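Engineer: Build me a model:
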Amino acid sequence: MTAAKSYALTCLFDAVSARFESDCTDAPNLFGWREPQKHKVTTRRIVWVPGNETGDAGELRAARNPGRNPRSLATLAELFHVRIEAYDPQFVEDERKQYEAVRGLYDAWVRAVYLAAHGTFQILSQAYDISHNERRHGATLIVICEVEAVVPDTAHTVAPVDTGADITSSLEDVDENVIVTIP
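Structural biologist: So this is what the prediction gives:
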């Protein structure tokens with residue numbers, strides 16, 4: 001059985017999430033295409049979405065860092081975008097406070113990404129979401145980025161549909177054998 005695959009984008013997401021937790025930064029990092037639509041800005045959160053806003057996944061480039069095992073066939077300059085959303089509930093009508101809230105969260109995010117991926121990461125563009133100009137209640141900054149992702153020379157094996165497991169567990173003097181099958 002092959003080891004679990006690790007992808008640059010999900011590794012970066014995990015590293016930034018861990019940094020936010022260790023720094024006690026109060027903003028969840030969420031991942032996925034559906035997440036941005038789940039609510040209007042009334043809290044602090046960062047949503048990571050694969051691809052740019054039009055869905056472009058990125059550019060396939062020549063392999064970097066030869067000598068890896070497995071070897072690298074290519075490098076995907078993988079695009080993703082993040083929606084950094086912040087809200088200051090004490091000053092709902094004060095746009096300056098909403099701006100400061102989102103800038104503070106943006107600065108924390110840039111720091112975490114820099115510490116996790118310096119040299120393999122690039123911010124391509126960033127823009128405020130200005131689609132809600134009246135009583136916006138918070139602010140959103142959309143950042144389009146790319147991260148260098150290795151395309152390895154390994155086969156992607158898939159487990160057969162009828163795969164099961166034979167699990168043996170032991171609790172001091174009691175042994176239990178469980179067979180798990182796919183229905």
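Engineer: pLDDT averaged over the helix ranked longest in the chain, what's the number?
Structural biologist: Identified as the longest helix of the chain according to DSSP state H is helix 95-117. Confidence for helix 95-117, expressed as mean pLDDT, is 96.
Engineer: residues of it that come out buried?
Structural biologist: For helix 95-117, burial by neighbour count (16 or more other C-beta atoms under 10 Å) applies to 97-99, 101-102, 104-106, 108-109, 112-113, 116-117. For glycine as for every other residue, the C-beta is placed from the backbone atoms N, C-alpha and C.
Engineer: Check stretch 14-26 too.
Structural biologist: Buried residues in stretch 14-26, counting neighbours by 16+ other C-beta under 10 Å, are found at 16-17, 19-20, 25.
Engineer: Let's see that stretch as PDB, backbone CA atoms only.
Structural biologist: Extracted in PDB, the C-alpha atoms of stretch 14-26 (Å, rounded to 0.1, in the frame of the first residue of the first chain):
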ATOM      1  CA  ASP A  14      -2.900  22.800   7.500                       C
ATOM      2  CA  ALA A  15       0.200  24.700   8.300                       C
ATOM      3  CA  VAL A  16      -1.600  28.000   8.400                       C
ATOM      4  CA  SER A  17      -4.500  26.600  10.400                       C
ATOM      5  CA  ALA A  18      -1.900  25.200  12.900                       C
ATOM      6  CA  ARG A  19      -0.100  28.600  13.100                       C
ATOM      7  CA  PHE A  20      -3.400  30.400  13.800                       C
ATOM      8  CA  GLU A  21      -4.200  27.900  16.600                       C
ATOM      9  CA  SER A  22      -0.700  28.200  18.100                       C
ATOM     10  CA  ASP A  23      -0.800  32.000  17.900                       C
ATOM     11  CA  CYS A  24      -4.400  32.100  19.300                       C
ATOM     12  CA  THR A  25      -5.600  33.900  16.200                       C
ATOM     13  CA  ASP A  26      -9.400  33.900  16.600                       C
END
